[in-house]
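**Student:** Return atomic coordinates for the entry below.
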Amino acid sequence: MVVGAGVVGAACAHGLARAGLSVAVVDRGPVAGGTTGAGEGNLLVSDKAPGPELDLALLSARLWRELAAETGDLGGERGDLGAGPVEYEAKGGLVVAPDAVALKALRAFAEGQRAAGVAAAEIAAGELGALEPHLAPGLAGGVHYPQDAQVQPARAAAHLLAASGAALVLGEEVVAVLRDASGAVLGVRTARRTLSAPVVVNAAGTWGGQLAALAGVTLPVLPRRGFVLVTEPLPRVVRHKVYAADYVADVASGSAALQSSAVVEGTPAGPVLIGATRERVGFDRSLSTEALRRLAAQATALFPVLGGVRAMRVYHGFRPYLPDHLPAIGPDPRAPGLFHACGHEGAGIGLAPATGALIAAAVTGALPPLDPGPFRPDRAFPEEDHPAAGPGAGSVNLHSVRSREGDAP
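**Tutor:** Sure thing, here's the model as predicted:
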């Protein structure tokens with residue numbers, strides 16, 4: 001039994017089915033109705049330092065590419081959009097440095113990544129234009145990451161679920177995790193039915209801590225809100241996933257305050273997607289004009305051509321964040337039969353296949369594809385502060401945001 005029909009839950013169902021098990025998936029909403037549906041589909045290795053998360057990302061990058069090959073989803077030699085069900089696009093990433101100091105730090109970061117198996121090629125300032133003709137002049141240089149890719153997240157989740165053959169129970173919230181007198185898991189209960197299973201996989205994303213609590217265990221998953229700006233359709237003015245080097249520090253930060261670092265990418269349909277912000281404001285869904293101002297200012301600083309472009313819409317979601325920046329993957333010894341697959345923050349889509357492989361190995365007792373130790377759900381977590389309130393609401397477009405005072409990030 002997998003709780004959660006986002007891409008991580010779908011990958012767990014897929015991995016378990018491939019291991020020969022019958023699987024059911026239950027979710028209070030539709031497929032990809034939570035964080036997955038609010039994601040950009042990033043499959044990134046470029047933003048991860050050497051360590052357990054990068055190992056997980058490299059395994060997932062290989063598994064995503066294998067899945068795309070199986071489904072006929074690999075694009076052409078230039079990384080064109082795949083024709084298959086997950087819309088795999090091997091677009092590559094480009095991380096740019098505004099000055100010599102940032103370039104030196106980026107160079108050292110990339111050197112460590114290369115030692116861990118990442119393909120990373122330094123790009124001189126004069127060569128950036130060949131990769132991205134519309135980049136702002138004056139940048140000090142960058143690093144190209146050809147392994148960075150993208151999928152359409154909702155379609156990817158739907159395909160993995162369909163391929164798993166899992167029985168779907170959608171629109172039903174889990175209200176109890178059933179356990180016997182010894183504490184072992186027996187299944188779950190929704191408002192409509194009881195679903196019996198000897199194994200329950202917590203893939204509830206941002207709500208993973210709440211599901212864990214229903215099983216009588218603690219898992220400190222916190223929501224970390226993020227916004228994405230979507231422009232009007234354009235010619236393909238941005239070829240790669242492009243971001244400034246300070247984005248890596250934002251990803252690794254545990255700050256509760258608003259952080260923003262523009263990640264800019266084109267889409268096959270024409271609109272440009274502009275992320276990414278991070279802030280811990282609970283489940284506050286109000287619109288933050290400050291977050292959008294920062295994104296617009298940073299995006300147009302990278303790509304001045306976007307200065308006169310309209311933002312057609314804004315969307316946001318909540319990343320499932322754990323204080324030590326690693327997901328919880330594997331069995332919970334406090335509740336036999338309970339397995340966790342949550343807390344991936346903004347990397348869940350990229351890390352999903354490897355997570356599913358680890359869960360399948362843990363459930364069946366097979367040899368895991370990498371060391372699961374760092375992802376133990378019962379590991380010690382650092383204590384964190386919690387913000388009390390979120391920002392206000394408003395509306396925004398790229399032109400008006402950019403013209404206001406106080407736009408600087």
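
**Student:** Quick check: bridge partners of Q150?
**Tutor:** Bridge pairing for Q150 (DSSP bridges) gives the partners N42, E89.

**Student:** For L59, the count of nearby residues, please.
**Tutor:** 18 (other CB atoms under 10 Å). To be clear about C-beta, it is placed using only N, CA and C from the backbone, and glycine gets the same treatment.

**Student:** any idea how far L43 is from it?
**Tutor:** Distance, L59 to L43, by CB to CB, to the nearest Å: 12 Å.

**Student:** cool, G92 as well?
**Tutor:** For G92 relative to L43 (CB to CB), the value is 11 Å.

**Student:** the more surrounded of the two?
**Tutor:** Neighbours were counted for G92 and for L43 using other CB under 10 Å; L43 has more, 27 against 22.

**Student:** what separates the more buried one from G33, distance-wise?
**Tutor:** 21 Å.

**Student:** what's the answer for P271, then?
**Tutor:** 22 Å.

**Student:** Other residues contacting the helix or strand encompassing T277?
**Tutor:** Assigned by DSSP states H and E, T277 belongs to strand 272-278. For strand 272-278, contacts defined as CB atoms under 8 Å, 6 or more residues apart in numbering pick out 40, 224-231, 234, 237-238, 247, 250-251, 253, 258-267, 288, 291, 294-296, 299, 306, 309, 311, 319, 346.

**Student:** Output the lowest mean pLDDT helix or strand found in this structure.
**Tutor:** Sorting the helices and strands of the chain by mean pLDDT, DSSP states H and E puts helix 398-403 at the bottom, at a mean of 35.

**Student:** Please list all residues in contact with the residue nearest the centre of the chain.
**Tutor:** For the chain, the residue nearest the mean C-alpha position is A347 (2.8 Å; CA atoms, centre = their mean). Counting by CB under 8 Å, 6+ apart, A347 makes contact with N42, L44, K48, E53, A57.

**Student:** mean confidence score for stretch 40-51?
**Tutor:** Stretch 40-51 comes out with an average pLDDT of 94.

**Student:** Now that stretch: buried residues?
**Tutor:** Residues E40, G41, N42, L43, L44, V45, S46, D47, K48 are the ones in stretch 40-51 that count as buried (16 or more other CB atoms under 10 Å).

**Student:** how about a markdown table for those residues, with distance to L214 added?
**Tutor:** Formatted as a markdown table, those follow (distance: CB to CB, whole Å):
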| residue | distance to L214 |
| --- | --- |
| E40 | 30 |
| G41 | 30 |
| N42 | 30 |
| L43 | 31 |
| L44 | 32 |
| V45 | 35 |
| S46 | 37 |
| D47 | 33 |
| K48 | 31 |
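
**Student:** ok, these vs L131, which is closest?
**Tutor:** Of all the buried residues of stretch 40-51, S46 has the smallest distance to L131: 13.7 Å, by CB to CB.

**Student:** can you tell me the helix or strand for that closest one?
**Tutor:** With DSSP H and E as the test, S46 turns up in no helix or strand.
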